[in-house]
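In: Fold the following and give me the result.
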Amino acid sequence: MRKLKSENIPLRSRIALKRFENQVNRKTKKYGRYKGEQVQISIFGHKIIYAPERICLYSANSENDQTYIETMKFVSKLNSVSKSEKIFIDFKSTIRVEAAALLMLYATIDNLIKEKDIKFRFSVPKENSALKKLLKSSYIYRLMNRSQIDYDFNNRRQLPVITGFDNQYVDHLLDYIMEFVYSDSMDPENEHTFGDAIQETVHNVGLHAYPDRDDREKQWWLLCQVIDNQLYLAIYDLGVGIPKTIVKQSFFMARLQNVYPKLYEQVMNISRGLALDSFIPYLVTHMTDAEAINLSMQPDVSSRKQDKHGQGSKSIKKLVDDTDGGKLWIFSNSGLYFKPQGQEPGLKPLRKPFIGTLVQWNINLK
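Out: Predicted coordinates for the structure are as follows:
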């Protein structure tokens, strides 16, 4: 049948044809309450999730924490998908992704692929070359494409996001930092302090994050970047969070007495010889998550010896205090611990709970 030109189709038929085309186009779109607002919800069988303009966690420590809120909403949307679902992440509006949030995004996608067999596709505007480069260098491209991922610790190039279990890759990472970041110029004392900081942070993943799992299931993700002559390290896990586990640790009561003596007295008054599990609900309602994180960062000191546990946190704080503009961030559950160079830590509640635990610090390259 010969196709008619539009001008040869009767007016009424042209209107009907246009109405039909509009109906087809609207099938994959839903309309918001405001005129002109359109949100496409499916493409080629993939559910579309739009990435926010800025994917960043650091605004959680400012008066305006909206960027943090939007980032956590985005991650929550990803985590809410059903098993074996097909997801299309649209980065068309994204202009900036910062380090800690990039690490969280990588871990979220990695976990969804493994736990729910999610199939990902994504789109980045051609003109956003910086974002393309970031997603490529971090290996998020490879991850979403389900490509083989291997790590080359013998190359001077910047490392992608590293993921491992227990102490896997820790020695390789330390060797890489000493050889390629510090060019084998770090003095023995700083090398020991630095090694302690990384070892303890990874150890804490097993201690606080996954209390009921085998070591081979205690997964962490790590990002190591050099920016403006400073080394940034971030370690993330998807465990239950520091506040949920620290109350069950053997050192908890001693630290509580030392740091929060009034709360300790209240607990002792109600416990009266009861098992620790009996008054955990009281602690949960009278101690904030940020205060719980603060307790996890306290070193254990006795009159006889210094307990090995807790000394890594001391090493991290020393590295940060020795760095101009040094900062230490810890996000876990509903709490944020933030320590700038030479200052006491700030403790802040998070308006939207954090998934898992993230520790990040930066130090000078000397």
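In: tally of neighbours for Val226?
Out: Per other CB atoms under 10 Å, the neighbour tally for Val226 reads 15. Bear in mind the C-beta positions are built from the backbone N, C-alpha and C, glycine included.
In: Quick one: low-confidence residue ranges for the stretch 151-300 of the chain.
Out: 207, 271-279, 300 (pLDDT under 70).
In: Break down it into its strands, ranges please.
Out: 162-165, 219-227, 230-237 (DSSP state E, counting those that start in this stretch).
In: For these, give me a markdown table that also has distance to Phe91.
Out: Compiled in a markdown table, the strands of the stretch 151-300 of the chain are given as follows (distance: least, CB to CB, whole Å):
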| stretch | distance to Phe91 |
| --- | --- |
| strand 162-165 | 22 |
| strand 219-227 | 19 |
| strand 230-237 | 20 |
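In: Can you report phi and psi for Phe338?
Out: Dihedral pair for Phe338: phi -130, psi 120, per degrees, to the nearest 10.
In: Could you do Ile43 as well?
Out: phi -150, psi 120.
In: beta partners of it?
Out: Here Ile43 sits in beta bridges with His46, going by DSSP bridges.
In: And the strands of the stretch 151-300 of the chain: which comes nearest Glu70?
Out: Checking the strands of the stretch 151-300 of the chain against Glu70 by CB to CB gives strand 230-237 as the closest, at 18.9 Å.
In: now for the closest one, which elements pack on it?
Out: helix 99-116, helix 188-204, strand 219-227, strand 357-364 (3 or more CB pairs under 8 Å, 6 or more residues apart in numbering; DSSP states H and E).
In: what about these, which gets the closest to Tyr176?
Out: strand 219-227 (7.9 Å).
In: Run me through the strand neighbours of that closest one, direction for each.
Out: strand 162-165 (antiparallel), strand 230-237 (antiparallel).
In: In JSON lines, list these along with distance to Trp329 and mean neighbour count.
Out: Shown next, in JSON lines, are the strands paired with strand 219-227 (distance: least, CB to CB, whole Å; neighbours: other CB atoms under 10 Å):
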{"stretch": "strand 162-165", "distance to Trp329": "19", "mean neighbour count": "20"}
{"stretch": "strand 230-237", "distance to Trp329": "8", "mean neighbour count": "21"}
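In: Let me have those in a markdown table, adding distance to Lys218 as columns.
Out: As requested, the strands paired with strand 219-227 are exported to a markdown table (distance: least, CB to CB, whole Å):
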| stretch | distance to Lys218 |
| --- | --- |
| strand 162-165 | 6 |
| strand 230-237 | 8 |
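In: who wins for proximity to Ala51 among those strands?
Out: Using CB to CB, these put strand 230-237 closest to Ala51, at 18.2 Å.
In: Okay, the residue minimising distance to the centre of the chain and Tyr182: tell me how far apart.
Out: In the chain, the C-alpha nearest the mean C-alpha coordinate belongs to Met104, at 2.9 Å (CA atoms, centre = their mean). Separation of Met104 from Tyr182 (CB to CB, to the nearest Å): 27 Å.
In: Then Leu159?
Out: 14 Å.
In: ok, those two, which is more surrounded?
Out: Taking other CB under 10 Å, Leu159 and Tyr182 do not tie; Leu159 has more neighbours (23 against 16).
In: got the contact list for that one?
Out: 151, 153, 173, 176, 224 (CB atoms under 8 Å, 6 or more residues apart in numbering).
In: out of the residues you listed, which are inside helices?
Out: 173, 176 (DSSP state H).
In: I'd like the contacts of Leu159 laid out as CSV, including neighbour count.
Out: Shown next, in CSV, are the contacts of Leu159 (neighbours: other CB atoms under 10 Å):
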residue, neighbour count
Tyr151, 17
Phe153, 16
Leu173, 20
Tyr176, 20
Cys224, 20
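In: Could you dump the contacts of Leu159 into JSON lines with distance to Gln298 added?
Out: Putting the contacts of Leu159 into JSON lines (distance: CB to CB, whole Å) gives the following:
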{"residue": "Tyr151", "distance to Gln298": "34"}
{"residue": "Phe153", "distance to Gln298": "33"}
{"residue": "Leu173", "distance to Gln298": "26"}
{"residue": "Tyr176", "distance to Gln298": "31"}
{"residue": "Cys224", "distance to Gln298": "26"}
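In: Could you single out the nearest of the contacts of Leu159 to Gly195?
Out: Of the contacts of Leu159, the one sitting nearest to Gly195 (CB to CB) turns out to be Leu173, at 10.1 Å.
In: ok, now which ones touch that closest one?
Out: 153, 159, 162, 198, 222, 224.
In: number of nearby residues for the fourth one?
Out: Using other CB under 10 Å, the number of residues around Ile198 comes to 21.
In: That one touches Ala234, doesn't it?
Out: No. Using CB atoms under 8 Å, Ile198 is not in contact with Ala234, being 11.4 Å away.
In: neighbours of Leu134, just the number please.
Out: 17.
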